[in-house]
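Chemist: Quick one: sequence plus predicted model below, questions after.
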Amino acid sequence: MRENLPVTDEEYVLSELDVIITRTDLTGNIVYANEAFLRSSGYPHAEVIGKPQNIVRHPDMPEEAYRDLWETIGGDRPWTGVVKNRRKQGGYCWVLANVTPVFEKGEKVGYMSVRTKPSDEQIARAERLYERLRSPAGHTLRLSGGTVIRTGVAGVADRLLRLPVNLRVWATMAMLIAVILLQTLVASGWVLPHVPPLWQARVLAGVGTGLALACGVYLTRNLLMPLQALNAGALSVLNGHIQQRFPERGDAQTRMLGRMLNQMNAKLVGVLIDAKISIDAIRDKTHEFARGNSDLATRTDEQASAIDQTTASLAEITETAEQNALGAERANTSGRQTAETAEVAAGEVQKTVAVMERVREHSRKISDITSVIDAIAFQTNIIALNASVEAARAGQYGRGFAVVASEVRSLAQRAAGAAKEIKSLIETSLHTVTTASQTAARAGETMNTVEQTVTQLTRTLYDIALASRGQSVQIAQINEAVGQVAGLTQRNAALVEQSAVASTDLQQQTQSLESAMSIFHLRSEMRGDVGREETAEVV
């Protein structure tokens, strides 16, 4: 037998409303476990599904209990008993277990176990029983369907009482018939001829009366009264108090009937409690869903309004982008024209620079010619001086030549003065021309820079125009996409309204289901104490 260790003395006590439900396959592996099982066992869902049911077996449970369990359910009969389960951390939990086979299409497919909270008396009785079963004297007891049976001679009465009630009633009737026959024989004098017939009749009448009274008392206490209690329990369940327990007392058959009714009711209670928990969760979720739908509808309306505003803004942006594109194209055209003009101006400036350079060359040549004239005037003046000297030496004969020499010298001086003035003017003009040439050169360079700048500006304006045109196209596409989003938002708004209607319908259906469930009174005080004190033989 599997032994789960370690164990502690920490007890987990079930509440009155806890109904633990598990389902296993034919080999005992768990295929379904509800939340109550997970809470009571301490195992998460992932560590339970597919695992053997005996992961919750406690070492204090005797082997006899599990032998009887598997023998009973293996015979397609339900089993009921108080079981001590081990929790994951080593603690324990007492449960009143009801295990029944599960059939589908006439074939057994597994077992269902429904566990509820046992009474303190049931727990105490189970502890005493398990302690005795684990002791050396445990061989004198055995379990059958969860009921304690004594072995040996002491168990003969238990086995007789476990006979079907119809056999015992017919046996009692046969004894009464025998008494009546004996009375007839006594009246005829055939029986005990030496005993007065009156005494024989009195003895037989007493025996018959005793048998009849015993049969009546037995039937009343072990059949009729338990059946009345079962009827009362059934009426209470019929009135909606489904947590009412059926008394398991009286004859073995009535006890079995009460046990089966409790097992059936435990399943029903477990399913209804799980259903109620699910309904509560669905109700809360539908409320949240309804609130979420309301918020979503509000946000969708706000989004639709924002999209409309965005569409209007995009229309304005599109118009502005078109205007920007047209302005950029016009600026590009103007820039191109400016570039062409700047290019022409740069050419003219280059021509001016060339002309000024030629003027400068001519000025240099004029300066050179002036220098030649100045040199000629200087030589002429020297010659005139020489002529004057020679004229003075000639005396009277050289006076005419002296006058000529004087005039020549005067002309030479005037020519030299004029040549100096011309040279000064030429040098001033040459300086001015040089300055003008340098200025023209710088102007040419500046015009080249202006031309390059205008060219770059033209390229930039072209790029801006191209980008503006592309931006205009993209904005138009965005505007179209926003229009599609607006359409989708409108359709989403319609879906939200449909979802809100569906949420309202679901909420109404949940309320209807909750109203239908309200006929079952799932109150903790209705978990009946009736019959608990009579189940002394139940494990």
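Modeler: Arrived safely, thanks for sending. A quick note: this is a predicted structure, and the numbers were derived from the prediction, not measured. Numbering: from 1, shown residues only.

Chemist: from here on, contacts and neighbour counts on C-alpha atoms
Modeler: Noted.

Chemist: Alpha carbons only: can I get stretch 446-466 in CSV?
Modeler: In CSV, the C-alpha atoms belonging to stretch 446-466 read as follows (Å, rounded to 0.1, in the frame of the first residue of the first chain):
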residue,chain,number,x,y,z
THR,A,446,30.5,85.9,-55.2
MET,A,447,28.2,85.4,-58.2
ASN,A,448,29.6,81.8,-58.5
THR,A,449,28.8,81.3,-54.8
VAL,A,450,25.3,82.9,-55.4
GLU,A,451,24.9,80.6,-58.4
GLN,A,452,25.8,77.5,-56.4
THR,A,453,23.6,78.6,-53.5
VAL,A,454,20.7,79.3,-55.9
THR,A,455,21.3,75.9,-57.5
GLN,A,456,21.2,74.2,-54.1
LEU,A,457,18.2,76.3,-53.2
THR,A,458,16.6,75.2,-56.4
ARG,A,459,17.4,71.5,-55.7
THR,A,460,16.1,72.0,-52.1
LEU,A,461,12.9,73.6,-53.4
TYR,A,462,12.5,70.7,-55.9
ASP,A,463,13.0,68.2,-53.1
ILE,A,464,10.5,70.1,-51.0
ALA,A,465,8.0,70.2,-53.8
LEU,A,466,8.5,66.5,-54.4
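
Chemist: Could you identify the helix or strand that succeeds the longest strand anywhere in the chain?
Modeler: Secondary structure of the chain per DSSP state E: the longest strand is strand 92-104. Counting by DSSP states H and E, the next helix or strand C-terminal to strand 92-104 is strand 107-116.

Chemist: after that following strand, next one along is what?
Modeler: helix 120-134.

Chemist: per-residue confidence for E451?
Modeler: We have a pLDDT of 68 for E451.

Chemist: tell me which residues of the longest strand of the chain are tucked away?
Modeler: Neighbour-count burial for strand 92-104 flags Y92, C93, W94, V95, L96, A97, N98, V99, T100, P101, V102 (criterion: 16 or more other CA atoms under 10 Å).

Chemist: Surely T22 is in a strand?
Modeler: Yes: assigned with DSSP: H, G, I helix; E, B strand; the rest coil, T22 falls within a strand.

Chemist: Which residue ranges make up each domain of the chain?
Modeler: 19-162, 166-274, 275-519 (the TED database).

Chemist: mind putting the ones you listed in CSV, distance to Y12 included?
Modeler: Below are the domains of the chain laid out as CSV (distance: least, CA to CA, whole Å):
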stretch, distance to Y12
domain 19-162, 5
domain 166-274, 19
domain 275-519, 21
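
Chemist: can you give me the helices in the chain?
Modeler: 35-41, 63-74, 120-134, 156-161, 165-188, 197-219, 225-238, 252-394, 399-517 (DSSP state H).

Chemist: closest to L14 out of these?
Modeler: When the helices of the chain are compared by CA to CA, helix 35-41 sits nearest L14, at 7.4 Å.

Chemist: Other residues contacting that closest one?
Modeler: The contact list for helix 35-41 (CA atoms under 8 Å, 6 or more residues apart in numbering) reads 12, 14, 18-22, 44-45, 56, 85-88, 93.

Chemist: and A214, how far is that from A306?
Modeler: Here the criterion is CA to CA, to the nearest Å. By it, A214 lies 92 Å from A306.

Chemist: ok, now Q484?
Modeler: From Q484 across to A306, the span is 14 Å (CA to CA).

Chemist: L96 too?
Modeler: 63 Å.

Chemist: picking up where we left off before, turn the buried residues of strand 92-104 into a markdown table, columns for pLDDT and distance to E3.
Modeler: Shown next, in a markdown table, are the buried residues of strand 92-104 (pLDDT from 0 to 100; distance: CA to CA, whole Å):
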| residue | pLDDT | distance to E3 |
| --- | --- | --- |
| Y92 | 96 | 14 |
| C93 | 96 | 16 |
| W94 | 96 | 17 |
| V95 | 95 | 19 |
| L96 | 91 | 21 |
| A97 | 91 | 20 |
| N98 | 87 | 22 |
| V99 | 90 | 21 |
| T100 | 87 | 24 |
| P101 | 90 | 25 |
| V102 | 88 | 27 |
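
Chemist: can you name the two of those that are farthest apart?
Modeler: Farthest pair in the buried residues of strand 92-104, by CA to CA: Y92 and V102, 27.4 Å.
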